[in-house]
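Engineer: What follows is a predicted structure for the sequence shown.
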Amino acid sequence: MTSPNGFATDTPGEGTLRLVMPSAYIGLGGYAKAVFPRLDARLQQHYGGRPACLPMSIFDFDETQAEVTIDGQGFSTQPYLRALPKKFLLDFARRLQGKQQQTRALQERFEPYVDFAHVHAVDAPGLNLFVQSGNLAWRLVWEQHVLPDLTSKLQQLHPAPHAQGHLARQGLVASPRSAIWVIAGGGSTTGPTGLIPMLCELKRRKPPQTNLFAVVFTPYAYRDKTTQHQVKGRAIFRATMTQLLAIYDGQEFDQPYGSNGHRIALHEAPFDQLFLVDGSLMGGRTALNTDDMAELVALFLFKVAVGPIGERLLGLIGDLNPDAKEANHAH
Amino acid sequence: MPTETFDHLITFGIADASVPARKIEALLAAQAQLEVLESAVHEAEPVGPTLAETREPDLGKVNYSDTVRGDVWDLWHPIVANPDAIPPTQLLARLDATWQAAEKKLGDEVQTQAAQLFTNRAQHKAQLLEEDAARLATEQGLPATVHWLETLKAACSETRQRLGQALATYAERKKRHDEALGQRKEAWLTLLSSEAQEMGEVARRFLLLAGGVLLAGVALWFLHIPATSLVSLATLVLLVILAWRTARPLWRRLRLNRRTTVTAAALALAYRTASLRNLDAMAKRLEMDYPETLRHHLDRLQAAYQERLARTEAQCTALRERREALQATLFDAPPTTRVLVQEAMLTEWYRQGRAQAPRRDWRGRLAALQPEPDWDAMEREARQAFAFLRDVRAEAELYRLYPRPEDRLPFLESLRDAAIGPTPGEAFLALDFAANAGKPPQVHLLVEVEDPQTSALAQEILQAWAGAGVGITMARAAEPTALTLIGLVYGYALEAQKGWEDIEAAFTTVQAREGQGIYPVLFPPPAATHERQDPDGRETERGETP
C-alpha cells in the first residue's frame, strides 16, 4: 500500500487494525533535533504518514533546522520546530539598563524568580550556557509562543469520536492510554531551563490516563563538547536535577511564566518517570555516538507508540509509579 | 535526597535483530529499475527497416496524379481525342485557350493544395516512423533507435539528391518539348496557308471551265452548228480536257484535308505534353521537397530520442548511486542492532520481486516519447513489487541463520547484553551500583516476538533466561521484520551515575562563581512567594507585555 505522501506503508492485511498509542513528543533544545526526525521517519514509514495523535514540537531558541535522510527520503524538523524568538530577551536585557517603566514592571514580576545579575543576552543562536538567560527567556515567550502549541498538542492525545472514526478509516486503532514524552539535553541551557516549567505545565494540563515521561540526556552524552562546556553542562545538569527532584519530593512550584500574568502552579510530582540516558553501553565500557544514540532513542519511542510492547511497558511502569498505576487502574 | 526509593529514575536499553526490509526494498527496487534502464540505454546496432521498407501513409495513394493531374488531363482529352471536330482555323485558338485553362488549374491555389498533400503525407509518415521508432526502442533500446533514425535521415538525403537529378532532366525535356511545339505550330500555320492557296486555284479554274462551257454553247447556238458536227465534237473534247485540268487541284484539296487532321492531332498532343510537363515538373519539385520535410521530422524525432537517452542515462546514474549507497549502508546499524541478511536470500527476494515488477511496461514507457517517463511512479511501482519484504519474519530469518539452538542462544544473549548489559543493569546509562544506597537497581526485559503465545523463540528465551533475576515480559511485535529487546533499569539514585563526583565538582565550582544563578528556576523565599491564584493558573491582575 502506498500512502498519499508517497511512502509505502507497513499496512497489514485488509481489515486488520494497527495499534497506535497517542503520544505527544515535546523536544527542548538541540538534542531533540537529532531524535525527532528519526522518530518522525519511523512513524511516517510505519503508518504512511504521522497520525495526528502523534504530535511533535521542538522548542528551541536556535532556529537552525535539522534533517536526516533515511532510505533516500529526507526528514526535517521544519514542520514541528517552534523557533522561540530571542528578541524579547535581547530587548529586555537592553532595557534593563534604561530602567524603563514597562521593564521595571516585568522585572518586579520576575524579581524573586530570576537572577537578573546573571542574565547575559547574546545576539547569537541559543542561550549560550547562561542559565538565567534561559530562565528569563522562557518566561518571556511562554504565554505567546509555547502555551498555545502545547494546548493544541494535548488536545490531539485523546481523539474525539469523529477523529477515532478517521483513525479507523486509516486502519488504526488508538490505545485508550496515552503518553507525553519530553526530551531534553541536560548539559545545555534551553533544555534544562525549559524542562521544569514544561513538565509542570504538562502535568497540570495533561488529559487523564496519560503518562508524562521525561528523557534527559546527561552531560556525558555531550562527548564532543569542549571541556569548559562540559564543566558548565555538568553543573547545570546537577542544578536542574536537584530542583526537579525537589519538586517531585514535594517542593511547590508556582511561578509566573508570562508577561500577561500566566502562572504555572503544581502541587504534585512533575512527571511519572524520568529517563536518564548518557549513551553508555555495557556499563560505560563503550559509548554510542550522537547519531546512534538518537537513532536508538527514536527506536525506543517508536516501539512504545506502535506496538503492544508500549502498553506492556506502561503497565510495568504503572506498577512502579503511583500516578501511573492510578491511570492503569482507571483503564 | 529525601526519596527512599528511586523508582522514578529509570533508564532503558534497546537492542534488536532486524531485517532492514525498507532498505532492502529500496535497494532491490533500485536494482530492478536499473536493470530495465540499463538495457534501454545499452549500445546496439539497429536492425530495422530501411526507409523504403517503412510503412507509407494511405495518403500517399491520394497523390497529385489522381487530383490535379487528372483534372488537367481531362481538359486536354476532348481536343486530343478528336481534333477534326474543331475547324482548323479555330484549332490554334482552342489549343491556346485550353493551355490557359490548364495553367490556371496549376495556379497558386492548386500548387498550395498539392504542397499540402505532400506536407500531410510527411506528417503521417513521421507518425508511422515514430511508432516504428517506439517499437524499435522497446525491442532494441534507445541508442539503436537513434542510430536507426540516423540511417533514415541519410536515406532521405540520398532520395532528395536522386530526385534533384531527375528534376534537372526536366529542363532539357522542356526545351525539347518547346521546340517540338514550335515546329508543330509552324507546320500547322504553313498547312493552313497552303490550303487557302489551293482553294483559290480550284475556284479560279472552276470559273474558267464554267466560262468556257457557256461561251462554247452560245457560239454553237448562234452559228447554228449541230451538236453532232465535227466542230461540236471538237469543242466537247476541248471542254473535257479543260474539266480534267480544272479537277486536278480539287483532288489535291481532298488529300490536304487528311494532312490537316494528322497535323492537328500532333499539335494537340504537343500542347498537352507541354502542359502536363509543367504540372509534372511542379510535382517533381514537391516530391523532391518531401524527403527534406521528412528529414526534418526525423531530426526532431531523433533529437527527442537523444534527449530521452540522456535523461534515462542520468536516471541510471542516480539509481546506480542510490544502489551503491544502499549497498554500502545495508549492514549499517547502531551498535545494539543486528542486521539479519543473507546473500542467498537477497538473491531470492530479488528474483521474487523482479517477477512482479512491471518491467515490460517500464520498457514501453521509456521507448514512448509521450508522456515523459514518471520516475517517481516507476519507483513506487518498483517498491510495490518488493513490498512483500515488509512481511519477512525476523524470527524465520533468525532460524535460517542459526538453525542450531546452541548457535542461536549466544546470538540472543548478545542482544540481551546490549539491552541490559552482561551484568544486568547496564543500559544506556552507566551506573555505579556501589553508590546506590546499597540497593541493586531493578532490571526488566521486554521482548517483542512474533506471537508470544505460539512463538518457539519466546519459549526458548523464557527457558533460558527466566529465574535469573531479570523480569521478562513478552509482547507481540508491531513489525514482523524485527525482534526487539527493551531493557528497563530503575530504582537507582541520581548519585549512582558513574562520574557523579565530576558532576558535583563542576557544580561546586560554577556555583561558587554564579551563586544561585546556576539554577534553571529560582524559588523565592517564602515571604516573596505569590499567593495561589485562580485555578486556571492566571493571576487576578494582568501584567504588562515585554
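Structural biologist: On my side now, so go ahead.
Engineer: how distant is stretch B:262-269 from the center of its chain?
Structural biologist: The chain centre lies 58 Å from the centre of stretch B:262-269; the measure is C-alpha atoms, centre = their mean, to the nearest Å.
Engineer: my bad, stretch B:310-321
Structural biologist: Stretch B:310-321 sits 18 Å away from the centroid of its parent chain (C-alpha atoms, centre = their mean).
Engineer: Check stretch B:202-213 too.
Structural biologist: Counting by C-alpha atoms, centre = their mean, stretch B:202-213 is centred 92 Å from the centre of its parent chain.
Engineer: residue contacts, residue 142?
Structural biologist: You didn't pick a chain, so chain A it is. If you count contacts by C-beta atoms under 8 Å, 6 or more residues apart in numbering or on different chains, A:Trp142 has them with A:Pro197, A:Tyr257, A:Gly258, A:His262. Yep, even glycine has a C-beta here, placed from its N, CA and C like the rest.
Engineer: Switch to chain B, please.
Structural biologist: Contacts of B:Leu142 by C-beta under 8 Å, 6+ apart are B:Ala40, B:Val41, B:Tyr305, B:Arg308, B:Leu309, B:Thr312, B:Leu366, B:Ala367.
Engineer: can I assume the fifth one is in contact with B:Val41?
Structural biologist: Meaning B:Leu309. Yes. Counting by C-beta atoms under 8 Å, B:Leu309 does reach B:Val41; the two are 6.2 Å apart.
Engineer: after the one helix or strand B:Leu214 maps to comes which helix or strand?
Structural biologist: For B:Leu214, the host element (DSSP states H and E) is helix B:142-222. As assigned by DSSP H and E, the chain's next helix or strand after helix B:142-222 is helix B:230-329.
Engineer: sorry, back to before: and the helix holding B:Leu214, how far out from the chain middle?
Structural biologist: Between the centre of helix B:142-222 and the centre of its host chain there is 56 Å, according to C-alpha atoms, centre = their mean.
Engineer: Could you pull out the helices in chain A for me?
Structural biologist: Under the criterion DSSP state H, chain A contains helices at A:31-47, A:87-98, A:101-110, A:131-141, A:147-155, A:161-169, A:190-205, A:227-248, A:290-306, A:308-320, A:322-330.
Engineer: Compare those and report which one is nearest to B:Ala122.
Structural biologist: Closest to B:Ala122 of those is helix A:31-47 (C-beta to C-beta; 53.1 Å).
Engineer: Buried subset of the contacts of B:Leu142, written for ChimeraX?
Structural biologist: Selection of buried members from the contacts of B:Leu142 for ChimeraX, criterion 16 or more other C-beta atoms under 10 Å in any protein chain shown:
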select /B:40,41,305,308,309,312,366,367
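Engineer: ok, the contacts of B:Leu142 vs chain A, which is closest?
Structural biologist: Nearest to chain A, judged by C-beta to the nearest C-beta, of the contacts of B:Leu142 is B:Thr312 at 19.1 Å.
Engineer: In contact with the closest one, which residues are there?
Structural biologist: Residues near B:Thr312 by C-beta under 8 Å, 6+ apart: B:Leu37, B:Ala40, B:Val41, B:Leu142, B:Leu366, B:Pro373.
Engineer: give the contact list for the closest residue to the first one other than its chain neighbours.
Structural biologist: Yep, that's B:Leu37 we're talking about. Nearest non-adjacent residue to B:Leu37, counting by C-beta to C-beta, 6 or more residues apart in numbering or on different chains: B:Cys316, 4.8 Å away. Residues in contact with B:Cys316 (C-beta under 8 Å, 6+ apart) are B:Leu34, B:Leu37, B:Glu38, B:Val41.
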